[in-house]
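Undergrad: Need coordinates for the following:
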Amino acid sequence: MNRLDNRIAIVTGGSSGIGLATARMFAEAGATVVVADIVDGSAVADEIGGTYLPCDVTDAEAVDRTVAATVAKYGRLDIFFNNAGVEMHGSIVDTDREQHRRLIDVNVNGVYYCLQAAIKAMMQNTDPAGGVIVNTASVAGITGVPGMSTYNASKFAVVGLTRNAAVEYGAAGIRVNCVCPGIIRTPMGEAAVAELGGAEALAAIGAAAHPLGRIGEPEEVARLVTFLASDDASFVSGAAVTVDGAMSAGFSGTPGWSPDQS
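TA: Now for the predicted structure:
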């Protein structure tokens, strides 16, 4: 028996990066997966035998429709990987205000809307009751990072929302945790350092920033998410779990690093 057999899961930002790796791993573990993304994820859904639903997480009604459509088709919602996010560099003084608002809208409001919709659906579950939510935070949600003021603020907010939701809805059988990746090899991370050389630059930055001496892979984050979503983590809730090659254990403030989450 696979660890996620008979579970119904939604993965936001599931068409690439960590979301894609996790959608695949959820399916391999036995779950039926809904890929929810503003980017077309129909090929991913076809590959893993799931469903693609277009979803802009900054649109609360779109999020509600995605969850409602999932429950209507499959009868319940067991797992929600709240992963969609964007990245931006900039100090407090230099950050463009409109870009600041956009990032907060995706990384904070989007996470909040998804929490609301997922929790409401999971509170209707019976046999078994409850469900599991895993949010994507970052090492930038547990330590300051020079030049990433808005991103830091958004990921600290995700950690706070994770802990609050775990406390508020634990009695309903809902577990809520977040993962805090370091620098991960994803298209969004490579795009963020395109001017420095893209994929090669990201790998070099990751190798320098992590005491393990290399960049992280999406599948390494996906394995942690899959564990947290499973009954193997049945007494784990309210946790912010790092998967960062020891970066947060001794981060030196090296400029130029670029954690990627989506």
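Undergrad: would you say residue 72 is within a strand?
TA: No. Counting by DSSP: H, G, I helix; E, B strand; the rest coil, residue 72 falls outside a strand, being helix.
Undergrad: Please determine how far it is located from residue 220.
TA: According to Cβ to Cβ, to the nearest Å, residue 72 and residue 220 sit 34 Å apart. The way it works is simple: take the backbone N, C-alpha and C, and place the C-beta from them, glycine included.
Undergrad: likewise residue 153?
TA: Distance check for residue 153 against residue 220: by Cβ to Cβ, it reads 26 Å.
Undergrad: thinking again about what came up before, neighbour count winner among residue 72 and residue 220?
TA: Neighbours per residue (other Cβ atoms under 10 Å) separate residue 72 from residue 220, with residue 220 holding more: 18 against 8.
Undergrad: a helix runs through the more buried one, doesn't it?
TA: Yes. Judged by three-state DSSP, residue 220 forms part of a helix.
Undergrad: pLDDT score for it?
TA: For residue 220, the model assigns a pLDDT of 97.
Undergrad: Next: residue 115.
TA: Per-residue pLDDT puts residue 115 at 98.
Undergrad: Repeat that for the one 5 residues further on.
TA: Looking at residue 120, its pLDDT is 98.
Undergrad: In contact with it, which residues?
TA: residue 67 (Cβ atoms under 8 Å, 6 or more residues apart in numbering).
Undergrad: How much space separates it from residue 68?
TA: Counting by Cβ to Cβ - residue 120 and residue 68 are separated by 10 Å.
Undergrad: what's the answer for residue 45, then?
TA: In terms of Cβ to Cβ, residue 45 sits 18 Å off from residue 68.
Undergrad: So which of these two has more stuff around it?
TA: Between residue 45 and residue 68, counted using other Cβ under 10 Å, residue 45 has the larger neighbour count: 22 against 14.
Undergrad: That one contacts residue 37, correct?
TA: No. Judged on Cβ atoms under 8 Å, residue 45 makes no contact with residue 37 at a distance of 9.8 Å.
Undergrad: shared neighbours of those two, anything?
TA: By Cβ under 8 Å, 6+ apart, residue 45 and residue 37 have these common neighbours: residue 52.
Undergrad: Count the neighbours of the closest residue in space to residue 33 that isn't next to it in sequence for me.
TA: Nearest residue to residue 33 in three dimensions, chain neighbours excluded: residue 50, at 3.9 Å (Cβ to Cβ, 6 or more residues apart in numbering). A count of nearby residues for residue 50, using other Cβ under 10 Å, gives 26.
Undergrad: And residue 50, what's its pLDDT?
TA: Residue 50 is given a pLDDT of 98.
Undergrad: same question, residue 257
TA: 45.
Undergrad: Residue 102 now?
TA: Residue 102 is given a pLDDT of 97.
Undergrad: quick one: what helix or strand has it in it?
TA: Assigned by DSSP states H and E, residue 102 belongs to helix 97-104.
Undergrad: Only C-alpha atoms, please: export the next helix-or-strand element following that helix in PDB.
TA: Once the chain leaves helix 97-104, the next helix or strand it forms, by DSSP H and E, is helix 110-122. Presented in PDB, the C-alpha positions along helix 110-122 are these (Å, rounded to 0.1, in the frame of the first residue of the first chain):
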ATOM      1  CA  GLY A 110      -2.800  33.800  -2.100                       C
ATOM      2  CA  VAL A 111      -1.700  31.500   0.700                       C
ATOM      3  CA  TYR A 112      -4.400  33.000   2.900                       C
ATOM      4  CA  TYR A 113      -7.200  32.400   0.300                       C
ATOM      5  CA  CYS A 114      -6.000  28.900  -0.200                       C
ATOM      6  CA  LEU A 115      -6.000  28.200   3.500                       C
ATOM      7  CA  GLN A 116      -9.500  29.400   3.900                       C
ATOM      8  CA  ALA A 117     -10.900  27.300   1.000                       C
ATOM      9  CA  ALA A 118      -9.000  24.200   1.900                       C
ATOM     10  CA  ILE A 119      -9.900  24.300   5.600                       C
ATOM     11  CA  LYS A 120     -13.600  24.800   4.900                       C
ATOM     12  CA  ALA A 121     -13.500  21.800   2.600                       C
ATOM     13  CA  MET A 122     -11.600  19.600   5.000                       C
END
